[in-house]
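Peer 1: Pasting the sequence and the predicted coordinates here, then a few questions.
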Amino acid sequence: MVGRVKRKAGLAEAAARAARETPPAPCPICGRPLGAKVEWHHLVPKSEGGRVTAAVHPICHRTVHALIPNAELARTYADPAALAAHPGIARFARWIADKPADFHAPTRRGR
């Protein structure tokens, strides 16, 4: 066949094996291992000029944006440790601690 490029199977297999053998990284918001579904949270929101992201659970991501406005995220909670210390996020993290990695529930807006 003309124009086809054969890829080296050994490299792809080694990368897949390494991905299976490494434990999943913990979510910086709740500390649980990440599951099959992952979202990327901008530590400083894009609307505030942020570019750095962190992999988080979808439910954790929705909770952060339901509780904290973007301006406050950029000003006070750009560090994952500071974000985890937020009273609402800390309460959420205690609630979700024993749930499976791909757990989903409707997200309520902050009070």
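Peer 2: Yep, that arrived.
Peer 1: And stretch 52-72, how far out from the chain middle?
Peer 2: Centroid separation between stretch 52-72 and its chain, computed with C-alpha atoms, centre = their mean, to the nearest Å, is 8 Å.
Peer 1: sorry, that was for stretch 68-75
Peer 2: In terms of C-alpha atoms, centre = their mean, the centre of stretch 68-75 is found 17 Å from the chain centre.
Peer 1: Give the buried residues for that stretch.
Peer 2: For stretch 68-75, burial by neighbour count (16 or more other C-beta atoms under 10 Å) applies to Ile68, Leu73, Ala74. To be clear about C-beta, it is placed using only N, CA and C from the backbone, and glycine gets the same treatment.
Peer 1: quick one: contacts for the first one?
Peer 2: Which is Ile68. The contact partners of Ile68, taken as C-beta atoms under 8 Å, 6 or more residues apart in numbering, are Tyr77, Leu83, His86, Gly88, Ile89, Gly110.
Peer 1: Now a PyMOL select for only the buried ones of those residues.
Peer 2: To isolate the buried ones among the contacts of Ile68 in PyMOL, judged by 16+ other C-beta under 10 Å, type:
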select buried, resi 77+83+86+89
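Peer 1: now the residue positioned nearest the centre of the chain, which residues is it bridged with?
Peer 2: When the chain is reduced to its mean C-alpha position, the nearest residue by C-alpha atoms, centre = their mean turns out to be Val56, at 1.1 Å. Note on Val56: beta-bridge partners by DSSP bridges are Glu39.
Peer 1: In a markdown table: the contacts of Ile68, plus distance to Cys30.
Peer 2: What follows is the contacts of Ile68, written out as a markdown table (distance: C-beta to C-beta, whole Å):
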| residue | distance to Cys30 |
| --- | --- |
| Tyr77 | 15 |
| Leu83 | 11 |
| His86 | 12 |
| Gly88 | 13 |
| Ile89 | 8 |
| Gly110 | 17 |
